[in-house]
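Colleague: return a 3D structure for these sequence lines:
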Amino acid sequence: MSYPEPRYLGDKGEINAVFRPADTEADLISPSGNRTHYLATHAGTGGEFGLYRVDMGPKSPGPTTHFHKAISESFFVLSGEVSLFNGEGWITARSGDFLYVPVGGLHAFKNDSDDPSSMLLLFAPGAPREEYFEQVAAMARRGGQEFADFLVRHDSFFVDQEDGPAR
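Modeller: Alright, predicted model coming up:
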């Protein structure tokens, strides 16, 4: 295995780092009160990856079982407990626990506990997930073909646990 081909061809380096202070307000607050911080977006990383911090309140539902055809998703728990579905069963993940879900891997998450939790979500390669985060609740309420098309556009394929692919 070797390193990828160089993409920066200069010989002096550049000043191009991006810093985000820990006290930066959340970019998105959902109707349930969950907060999502856009740490590194698809646009900001040139499509290399997307990194988000999700702060969930007690007893917060998350997405049901789904998979992605184009992106992997990784979870790193910062605080509290997060229930992670790894395709076979639910795992109670705590601070420092990590789950990697390759492309096509079934997964889901939620906070079943009585306490808040926080985790990092890493998508690779990067995808424009911000629109998904910002519109999924409203689109789900609308339902129908518009919602089905929205999910496909955002590489999200939900499954019925008993019957296989639902959409």
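
Colleague: how far away is S30 from G57?
Modeller: 10 Å (CB to CB, to the nearest Å). To be clear about C-beta, it is placed using only N, CA and C from the backbone, and glycine gets the same treatment.

Colleague: likewise for S32?
Modeller: Relative to G57, and taking CB to CB, S32 is found at 7 Å.

Colleague: what of K69?
Modeller: Counting by CB to CB - K69 and G57 are separated by 31 Å.

Colleague: so between those two, which is more surrounded?
Modeller: G57 (15 against 10; other CB atoms under 10 Å).

Colleague: now the more buried one. Nearest residue, chain neighbours left out?
Modeller: Nearest in space to G57, with sequence neighbours left out and distances taken as CB to CB, 6 or more residues apart in numbering, is G33 at 4.9 Å.

Colleague: how about the helices in the protein?
Modeller: Here the chain has its helices, by DSSP state H, at 129-142, 144-153.

Colleague: dump those helices into CSV; add distance to G47 and mean pLDDT as well.
Modeller: As requested, the helices of the chain are exported to CSV (distance: least, CB to CB, whole Å; pLDDT from 0 to 100):
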stretch, distance to G47, mean pLDDT
helix 129-142, 12, 92
helix 144-153, 16, 94
